[in-house]
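J.: pasting a predicted model and its sequence here:
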Amino acid sequence: MRARKPSAVPLSDYAEVNGPSYSDNIVAEYADKKPTRLTLKTLLEFGKKIDDVKILASARYLHKELPIRLAHRIADMNKLPYIVGCNPYVKKVYGLYYSHFNQYVFVLSFRYFVLIPPKL
């Protein structure tokens, strides 16, 4: 019987073997940031009259907040007991969070700034 390749290696396991990677440092950097609170009142006011300015503001908010929130979930999953992290379903979810974080931070952020340069 062939052994299955694990879908993700917890950051703590990887760091013990190979030392911390660049991605681990980026995740930790984003996880240290506080997410911006969004109230129900803000959501209701935002949806009353949608125009181009609000759509752009929403995209900027998402662009800023998504990597922070993903990093928080990754950091939370790293705090779970080792036996929980060995569960294949938890590993799969962890791998999805980690790969999406990397795709968003390293690929999509680059495309965003190339297509839409920041205002000076």
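T.: Nice, thanks for sending it over.
J.: from residue 81, how far out is the closest residue in space to residue 70 that isn't next to it in sequence?
T.: What sits nearest to residue 70 in space, not counting adjacent residues and going by C-beta to C-beta, 6 or more residues apart in numbering, is residue 101, at 4.3 Å. The way it works is simple: take the backbone N, C-alpha and C, and place the C-beta from them, glycine included. Look at residue 101 and residue 81: by C-beta to C-beta, to the nearest Å, they are 22 Å apart.
J.: count of neighbours near residue 74?
T.: Neighbours of residue 74 under the rule other C-beta atoms under 10 Å: 23.
J.: check residue 57 too.
T.: Residue 57 - counted by other C-beta under 10 Å - has 12 other residues nearby.
J.: which elements pack onto whichever strand or helix holds residue 67?
T.: Secondary structure from DSSP states H and E places residue 67 in helix 52-78. Contacts defined by 3 or more C-beta pairs under 8 Å, 6 or more residues apart in numbering; DSSP states H and E place helix 52-78 against helix 11-18, helix 22-31, helix 88-102, helix 109-115.
J.: by mean pLDDT, show me the worst of the ones you listed.
T.: When these are compared on mean pLDDT, helix 11-18 scores lowest, with a mean of 44.
J.: quick one on the thing from earlier: what sits against the residue nearest to residue 70?
T.: 27, 30, 67, 70, 71, 74 (C-beta atoms under 8 Å, 6 or more residues apart in numbering).
J.: surely the last one meets residue 26?
T.: Looking back up the chat, that one is residue 74. No: at 10.5 Å, residue 74 and residue 26 do not qualify as touching, with contact defined as C-beta atoms under 8 Å.
J.: contacts for stretch 48-68, please.
T.: By C-beta under 8 Å, 6+ apart, stretch 48-68 touches 30, 31, 33, 34, 35, 36, 46, 101, 104, 105, 109, 112.
J.: over to stretch 32-40?
T.: With C-beta under 8 Å, 6+ apart, stretch 32-40 has contacts from 61, 64, 65, 68, 69, 71, 72.
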